[in-house]
Structure formats: structure tokens, C-alpha cells
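Novice: got a sequence here, can you model it:
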Amino acid sequence: MVGKQLWLTYLYLLVYILLSSGVILYNKWVLSPKYFNFPYPITLTMIHMGFSGAVAFFLIRVMKVVSPVKMTFEIYATCVIPISAFFAASLWFGNTAYLHISVAFIQMLKALMPVATFLVAVTCGTDKLRCDVFLNMLVVSVGVVVSSYGEIHFNVVGTLYQVTGIFAEALRLVLTQVLLQKKGLTLNPITSLYYIAPCSFVFLFVPWYLLEKPGMEVSQNQFHFWIFFSNAVCALALNFSIFLVISRTGAVTIRVAGVLKDWILIALSTVIFPESIITGLNIIGYAIALSGVVLYNYLKIREGRASQPPEGIPERVKDLKTEKRSSDLFAASTGNNSNNGGKNVWNSSALDSNVDEEAPLIPSLRMSHLGRQLSGHTA
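Specialist: This next block holds a predicted model:
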């Protein structure tokens, strides 16, 4: 029985890695002018948000899978709206980066996620500036700079879009903790979508109307229903897989899976998109950045084990003690999100430093022991 459960966990991890990589590559293929040629990242993001919101509405209002939380106007205005705004921005900028830079280079830039989260947390006063953490973040930053220097097709605009998206995601993560946790509001994955996705859709409407609608009216691009429908379904399935993985594993396992996923994605992107060339300097820089993130996570895990709860508490809950500060809103290198798809509205930390752009509305690692109480999850 144990062996069967173990293999089932491995299967969930494999599905997560495949879906996470697949959603990112699918989005790149759809947006890239060289392939499907639908250069409208805001439109694609709005399709995802609209689809996710509709599914959440159906599950809550029609199927009655879960009940909506008691959402007051004050909580909605002070918590949901600002979080949705940064959520929409992170998806918008992250998806736009696909038009200018390669998937491989985007994954390398995402190593900056812990740096951005730490800086935002310190600025907001939810974490303290510590020498050991600062040195780790410095190593990560140096690695990303080296990797950028080695990028053959370096594009300033694409890099700025991606970095801006990373900082928008960092702001969303910190705001999630500061606003939702202080209000004592707990959202499960379905109710997260129910409240956040429609609000994000509205925020995206304004830039879409100003930036993309005029071009779409005169372009020759046709709307292929099954392409966009399957793309949205894949993003939704990714969130299901993340929820299943979180409910069956601990923080360390997910971090390792995230690192593996990133390396697989970088390798696959060079095969599927031949114009994406990886240089030796790219690899060296990314390895330096990743070593900084891994070292940081090691220190966090050791720190968490030093303050382990008494015996008798489930092992997974002990593992989850590693997530305590706002700077712990990330793990090793696993999304978008980019869009990946995308991008966590639960009262907690995000799954990883490389948040899947299309899977950000995921339960926190600290809530994983509650995951078994839910019958499903979407994003």
C-alpha cells in the first residue's frame, strides 16, 4: 500500500513537471510571431482569467463544491482589489516578455524571484535585513547578471518586462500575507479564483482596450477557439496538479521538483524553439544564481528544523515550518506564469521562486495538511 502511494506521488510530480513546462511552452508558441503569431499577451491572459473565473463560479454556485467565504466590501476593497491588480500586472508583463526573449532566458531571469521578494518584504517591514540572506541574494543577482551577459539575443525591452513582472509578483505575494493574513481570511483554491480572477480580468481590460484592441481590429489574426480553449484548460490542469502535489508532499520535495522542472524546460525550449540558443556563460550564470537560491533554502530548512514542533505532529507539518517570513514566499526554482502560465492567494507563501505564471492561485505549503479536506482545485 505504501509503495502504491509512493508511486502515485511520483506520478503527480511527473504530471506537474510536464504540465508546468507544457503551459509555458504552449504560451510561447501561441504568442511568438514566428509560430502561431498571436502577439496579444493581454488578450491571452484575459482568456485565462475569464475561463478560470467561469469554472470557479460553476463549481461554487452551481455544483456547490465549496461555499463562498463571507466577503465584506471592506475586505474586497482593501485586500482582493490590490492583490488582483498586482496579480494581473505580473501575468501581463510576464506574458509580454515571451514576445521579446526566449523561454530559456526567461527561466534564468526568474531566479531573481527570491531577491525581489526579499527586497519587497524588507521594504514593507515584514522581514529584517539579515547579512546571511543578503549575501545569498547577492550571489543570485551576480549569477543572473552573468547569465544575461552571456545571452546572445539579449533584448532590453523583454528583460524589463520580465523583471517588472517578477517584482509585481513579489508585491502580490507580500500583500497576500500582509493583507489577507491580518484580516484572518482563508481562501481555498476555488474561492481564490472566484474572487481574484474576475477582478484581475477587469484590471486587464483597460490596458487591453488601449494597447491591443486597436491592433486586433485591423489584424488578420483569426480566433481559433480550440487553441485558446485547450491553452486555458492546460493552465487549469496545472493548478490541479500543483494542488495534488502539495497535498501529498513536503516543501523539500516540491523544491527539488521545481529545480528539475526548470532545467528540463530550458533544455526543451532549445529543441522546440531552435532560435533559442544557450551559451556556456548562460549556464554558468544560471548555476551561480541557482546555487544562491539552494543555499538560502538550505539555511531556511535548517532553521526550521531547529524549531521543530514536539513529537507527534505530522512530519509534513514539521517540514512546513520552514516557511515563516515574508522572504520565505518562495522556494528553490520552481510558476507564471508565467504564464506560465501563471501564478497564491491563500494566507501564505507561494509554492516556489519561479512561480508558474498561470498557476499563482495555489494553496500554500503551510496549508498542505488541509489540502486533503478539499475535493478539487482550479486556477
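Novice: C-alpha only now, for contacts and for neighbours.
Specialist: OK.
Novice: in the host helix or strand of Y194, what counts as buried?
Specialist: Using DSSP states H and E, Y194 sits within helix 189-207. By neighbour count on 16 or more other CA atoms under 10 Å, the buried set for helix 189-207 is 189-205.
Novice: looks to me like R305 is in a helix.
Specialist: Yes. R305: assigned to a helix according to DSSP: H, G, I helix; E, B strand; the rest coil.
Novice: counting by contacts, list what the helix holding Y194 packs against.
Specialist: helix 41-57, helix 81-97 (3 or more CA pairs under 8 Å, 6 or more residues apart in numbering; DSSP states H and E).
Novice: helices of the stretch 151-300 of the chain, start to end?
Specialist: Secondary structure of the stretch 151-300 of the chain, counting by DSSP state H, counting those that start in this stretch: helices at 156-175, 182-183, 189-207, 213-218, 225-248, 251-272, 280-306.
Novice: wait, which of the ones you listed is closest to W29?
Specialist: Between W29 and these, the shortest gap by CA to CA is with helix 251-272, which sits at 9.2 Å.
Novice: relative to helix 280-306, how tilted is the closest one?
Specialist: 170 degrees (axes from the mean of the first three to the mean of the last three CA atoms, to 10 degrees).
Novice: can you list the helices and strands that helix 251-272 packs against?
Specialist: Going by 3+ CA pairs under 8 Å, 6+ apart, helix 251-272 lies up against helix 2-31, helix 103-109, helix 315-320.
Novice: so can I have TSV of the ones you listed showing mean pLDDT, distance to F87 and mean neighbour count?
Specialist: Output for the helices and strands packed on helix 251-272, formatted as TSV (pLDDT from 0 to 100; distance: least, CA to CA, whole Å; neighbours: other CA atoms under 10 Å):
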stretch	mean pLDDT	distance to F87	mean neighbour count
helix 2-31	87	17	20
helix 103-109	91	18	24
helix 315-320	44	24	18
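Novice: ok, which of those comes nearest I264?
Specialist: helix 2-31 (7.8 Å).
Novice: low pLDDT regions in the stretch 151-300 of the chain?
Specialist: Filtered on pLDDT under 70, the stretch 151-300 of the chain yields the residue ranges 250-252.
Novice: out of the helices and strands packed on helix 189-207, which one sits most buried?
Specialist: helix 81-97 (a mean of 27; mean count of other CA atoms under 10 Å).
Novice: let me know the average pLDDT across it.
Specialist: For helix 81-97, mean pLDDT is 94.
Novice: run the chain-centre distance for that helix.
Specialist: In terms of CA atoms, centre = their mean, to the nearest Å, the centre of helix 81-97 is set 11 Å apart from its chain centre.
Novice: what's the closest non-adjacent residue to L13?
Specialist: Setting aside the residues directly before and after it, L13 is nearest to V245 in space (CA to CA, 6 or more residues apart in numbering), at 6.2 Å.
Novice: the one you found: how many residues sit nearby?
Specialist: The burial count assigned to V245 is 24, neighbours taken as other CA atoms under 10 Å.
Novice: now do the contacts for it.
Specialist: By CA atoms under 8 Å, 6 or more residues apart in numbering, the residues touching V245 are T9, Y12, L13, Y16, I254.
Novice: and it, how close does it get to L6?
Specialist: According to CA to CA, to the nearest Å, V245 and L6 sit 12 Å apart.
Novice: over to P41?
Specialist: For P41 relative to L6 (CA to CA), the value is 39 Å.
Novice: again with M113
Specialist: To L6, M113 is 31 Å away according to CA to CA.
Novice: and if you look at L31?
Specialist: For L31, the distance to L6 - CA to CA - is 38 Å.
Novice: now do the contacts for the nearest residue to S84 once chain neighbours are set aside.
Specialist: Nearest residue to S84 in three dimensions, chain neighbours excluded: S200, at 5.0 Å (CA to CA, 6+ apart). Neighbouring residues of S200 by CA under 8 Å, 6+ apart: M49, S84, A85, F87, A88.
Novice: next one: N231
Specialist: Counting by CA under 8 Å, 6+ apart, N231 has contacts V23, Y26, N27.
Novice: ok, the residue nearest to S84 to Y298 distance?
Specialist: Taking CA to CA, one finds S200 at 35 Å from Y298.
Novice: what's the spacing between G285 and F105?
Specialist: 11 Å.
Novice: overlap of the contact sets of these two?
Specialist: S148.
Novice: A111 and S291: what is the separation?
Specialist: 10 Å.
Novice: the two: who's more crowded?
Specialist: Set A111 next to S291 and count neighbours by other CA under 10 Å: A111 wins out with 26 against 17.
Novice: confidence score at the more buried one?
Specialist: Taking A111 on its own, its pLDDT is 87.
Novice: any idea how far V142 is from it?
Specialist: 11 Å.
Novice: find residues that contact each of those two.
Specialist: With CA under 8 Å, 6+ apart as the test, A111 and V142 both reach A289.
Novice: so what's V139 up against?
Specialist: I288, A289, S291, G292.
Novice: that one: which element?
Specialist: helix 131-149.
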